[in-house]
Each structure stands twice: as C-alpha cells, then as structure tokens.
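J.: Got a sequence here, can you model it:
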Amino acid sequence: MDKLTIGQMAQKNHVSEQTLRYYDKIGLLKPVEIDEVNGYRLYSIKQSARLDMIQYMKSLGMSLKDISTQLKNCDIKLIRTILEKKSEQLDSEIEALKFQKVALQRAIMNYERYESSPPDGTITLEFIDRRWIYSYNTDTNFYDFGIEVYEEQLRKLKEDMGIKGLRQQYFCNAGSTVSYKNIINRNYISDDLFVFVDCEHVPGNLITSIPPNLYLCIYCNKFEQEIPYANNLLDEVKRLNYTITGDYICEVIIDLPDFIENERGMFFKLQIPVRI
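T.: The predicted structure follows:
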C-alpha cells in the first residue's frame, strides 16, 4: 500500500498535523520514511494501531511521557499501576470539584442574602436554624485596636485552618463572638474568630454547634459601626424586655469586592440570641 503523507495520516486518524509532528519530535510516533527530496514525512497505515493506543492511553489520563515509557517497555503490570494511581487522582479531583461546587453555591446564597437584606441599621427578630462552626481562640482583642489588628487575627485563623486541613473556601465569611458574660455587661472582648463549616466534611472534634434560636439582629455595612450597632441591639433587648440566652455573634454575610482605601469591605449581621 502506498505511503501516507502527514496530512493523509492526520485526516484518517482525526488528529492534527501539528500533533503528528510533535509525536515525531519526542519519538512517540516516527514516520516510516522521510522523503529525501522534499523532506516530507511518510507514514504506513499500520501505524494507526500505535496511534490508536496513544489516543486511548491519553483518554485514560496518562501523560505522554508515561505513554512513551509503556510503549517502549510493554510492562503490563506497570501500566496497571499507573492507571490505578490515575484513578485515585481522579477520585480526589472529583471530590475537590464537588466541594468547590458546594462552596460556589454557598457564595451565591450569600450574595442573594446580601441583595435581599434590610438596609444598614435595620433591627429584626429572626429564627436561625442550627449552624456549625470552626473556632479559633484569639490572643488579642481586636475591638481594642481596629481593622489592622482584626486582619492580623484573620491571618492567624487562616493559617490555623491550613494546619488543621480545613479547606480555604470556608474562609470566605469569617465571624467573631463575644461571650454571654461579656455581652450582657457590654464588654466587647472577642473570645473567638470562627468560620461556618459543613459538618459532613469536617471532623466532629473540630467543630461546634450553634443551636437553633430566636435572634435579635441588626445589619451593618461598616467595621467601625459594629460596636455602636451592637449597643443599639442591647438597648432594644432591654426595651422589649427580652432575655439574652447566649453569646453575641458577628456574622460576615459577604466580603464586598469593592475595596475602599485597600480595606476589607464587609456586610455584617450582628446577632444576639434572645428569649421573649
């Protein structure tokens, strides 16, 4: 049978001429002959079998380097080992993609919450269902300083999450708490920073449950307004004769992308659990 030009070989096997030239360059599939007059690469139709094997191994996720090694050695056990490792790698990638999708859905939900939230300064009474958090005990009370120290504490939280093996997607909406003992006395001492987590993806010994409860809430869009707005909440608790039943929570609903003077833009939901 007549030899095939590189164009004919490419067309019959549904690959590009550039691919065949590259395979030739790396020694993966060399032409059977190179025309001495014009330098054209010429192939045999029988080489399609080798090209089929290359394409099949590529479809399984094998690298060209591994494919080249296997075609030279024909080690069936080694091929199986490579494929098993690739299968494990794919399982890991699939799991990561599933988690990424959950994180994207959470981010979309947070943007929807932001868009539908009441205006800044609005006080509401809301029932909030059970939540799970990962907490990090702070060594500095950032309320005594400002946003710079708050950012320093967030760096420590992020580093701690990495040490514990928590995915960084959880870091998107960190929050803080003030203990019941301190909040009833209006002592703003941040005991913990936290991130909301999925209980099914984080070991149980690392997470804490916030029980379902009624919360008196106020919405806030500036870091500097948190304490004044929290005091407004406490005034409202007193006016309505509610009873505080737990820790104060500052939840960052969303980090806003429009940074002002290089500072973090945030939209908060300040919460105090109450009993009517």
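J.: Ser231 touches Arg186, doesn't it?
T.: For residue 231 the amino acid is Asn, not Ser. Yes. Between Asn231 and Arg186 there is a contact under CB atoms under 8 Å: 6.7 Å. Heads up, the C-betas are built off the backbone N, CA and C, glycines and all.
J.: Give the intersection of the neighbour lists for these two.
T.: Common neighbours of Asn231 and Arg186, using CB atoms under 8 Å, 6 or more residues apart in numbering, do not exist here.
J.: elements contacting the lengthiest helix in the chain?
T.: Taking DSSP state H as the criterion, the chain has its longest helix at helix 76-116. Counting contacts by 3 or more CB pairs under 8 Å, 6 or more residues apart in numbering; DSSP states H and E, helix 76-116 packs against helix 64-73, strand 248-260.
J.: The shortest one: how far from the chain's middle?
T.: What it means is helix 64-73. 35 Å (CA atoms, centre = their mean, to the nearest Å).
J.: buried residues in that helix?
T.: 66-68, 70-71 (16 or more other CB atoms under 10 Å).
J.: Among these, which one sits closest to Leu216?
T.: Distance ranking of these against Leu216, using CB to CB, places Asp66 first at 61.3 Å.
J.: okay but the closest one is in contact with Leu83, surely?
T.: No. With contact defined as CB under 8 Å, Asp66 does not reach Leu83; the gap is 9.6 Å.
J.: you'd agree Lys164 is up against Leu206?
T.: Yes. Taking CB under 8 Å as the definition, Lys164 is a contact partner of Leu206 at 6.1 Å.
J.: Give the helix, strand or coil label for Trp132.
T.: strand (DSSP: H, G, I helix; E, B strand; the rest coil).
J.: Distance of it relative to Glu251?
T.: According to CB to CB, to the nearest Å, Trp132 stands 13 Å off from Glu251.
J.: which residues of the chain score low on pLDDT?
T.: Counting by pLDDT under 70, the chain shows low-confidence ranges at 1, 256-264.
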